[in-house]
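Participant: Can you look at this prediction? I've put the sequence above it.
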Amino acid sequence: MTQLVKIEITEGIAFVTIDNPPMNVLSGQVTRELGEIFTRIAEDSNVVVAILTGAGNRAFMAGADIKEFPSSLGKEKEDLKKNNMETHRVLNLIADLPKPTIAMLNGIAFGGGCELALTCDIRIAEDHVKIGLPEVKLGLFPGGGGTQRLPRLIGPPKAKELMFLGEPITAEEALNLGLVNSVAARGEGMQAALKMAKKMAGYSCQALSRIKQAVNEGMDTSFDQGIEIEAELFAEVFATEDVREGVQAFIEKRSPVFKHR
């Protein structure tokens, strides 16, 4: 069986590419392979940051594989929910990865493609990209976390509008909404993502992972509870080798060499 998700690791950066031509759709195989690859990234101490993209320049991911949908028609509700929760398990694995993730959108990101991008910490879109959740046009609604992640990112009213209408928006519109972090010229998205990833890879994964954990966990609690989470993680990071190296390097007026321990 041909591998549909590929990984390359260099200088602390994992490049993950969905290569399921022609439109990189989210098939069952792609979902499984994403789970396997991001599990590997989580466990690889040599990886500090991951960049996720699609092969070619037509689609980051054009959504779910609609050809697989007929097999779900007529299934028992519990079986459908079980299958859907397995997809959520993989998407949550990416969202909760203890390392920064960057989605480089180099083509359309519809449906599951938009939802996959939402699991990443940072989204960079090339200027020709269209983003949308068109499931309502099929009598469906977003089932890959879109109803939960999108409102938390851009607010419920605008998120509902995008899902109710099912119409795509441009990269610039997505930037104005806060759906993407930045827009790059066509063909220059990976360069922008790599510049950001290289800077992150020079920092301590011990610090980066706790920033992510503090934000993610704190967002779902009260401010006071969030401060408790931050204080706990802040105390933890002082026990790492990297914080000692960072402080010593500052005192010695040199660049720190972090070992991610």
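Facilitator: Okay, I see it. Numbering: from 1, shown residues only.
Participant: Which pLDDT value goes with P70?
Facilitator: Listed pLDDT for P70 reads 76.
Participant: can you confirm it is in a helix?
Facilitator: Yes - applying DSSP: H, G, I helix; E, B strand; the rest coil, one finds P70 inside a helix.
Participant: count of neighbours near it?
Facilitator: P70 has 8 neighbours, counted by other C-beta atoms under 10 Å. In this view, the C-beta of every residue, glycine as well, is placed from N, C-alpha and C.
Participant: how much space is there between it and G178?
Facilitator: With the distance defined as C-beta to C-beta, to the nearest Å, P70 ends up 37 Å from G178.
Participant: cool, and I102?
Facilitator: From I102 to G178 the distance is 16 Å (C-beta to C-beta).
Participant: Comparing the two, which residue is more hemmed in?
Facilitator: I102 (24 against 12).
Participant: got a list of contacts for the lengthiest helix in the chain?
Facilitator: Determined from DSSP state H, the single longest helix within the chain is helix 77-95. By C-beta atoms under 8 Å, 6 or more residues apart in numbering, the surrounding residues in contact with helix 77-95 are 31-32, 34-35, 38-39, 42, 52, 72, 101, 115-116, 119-120, 143-145, 149, 216.
Participant: what are the ranges of the helices in the protein?
Facilitator: Assigned by DSSP H, the helices in the chain fall at 28-43, 77-95, 112-118, 146-154, 156-165, 171-177, 189-201, 205-219, 223-237, 241-251.
Participant: any chance of those helices in a markdown table, plus mean pLDDT, mean neighbour count and distance to H260?
Facilitator: Formatted as a markdown table, these follow (pLDDT from 0 to 100; neighbours: other C-beta atoms under 10 Å; distance: least, C-beta to C-beta, whole Å):
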| stretch | mean pLDDT | mean neighbour count | distance to H260 |
| --- | --- | --- | --- |
| helix 28-43 | 97 | 18 | 13 |
| helix 77-95 | 93 | 15 | 20 |
| helix 112-118 | 98 | 28 | 26 |
| helix 146-154 | 98 | 17 | 28 |
| helix 156-165 | 98 | 15 | 36 |
| helix 171-177 | 98 | 18 | 32 |
| helix 189-201 | 98 | 18 | 10 |
| helix 205-219 | 97 | 17 | 4 |
| helix 223-237 | 97 | 13 | 12 |
| helix 241-251 | 94 | 14 | 7 |
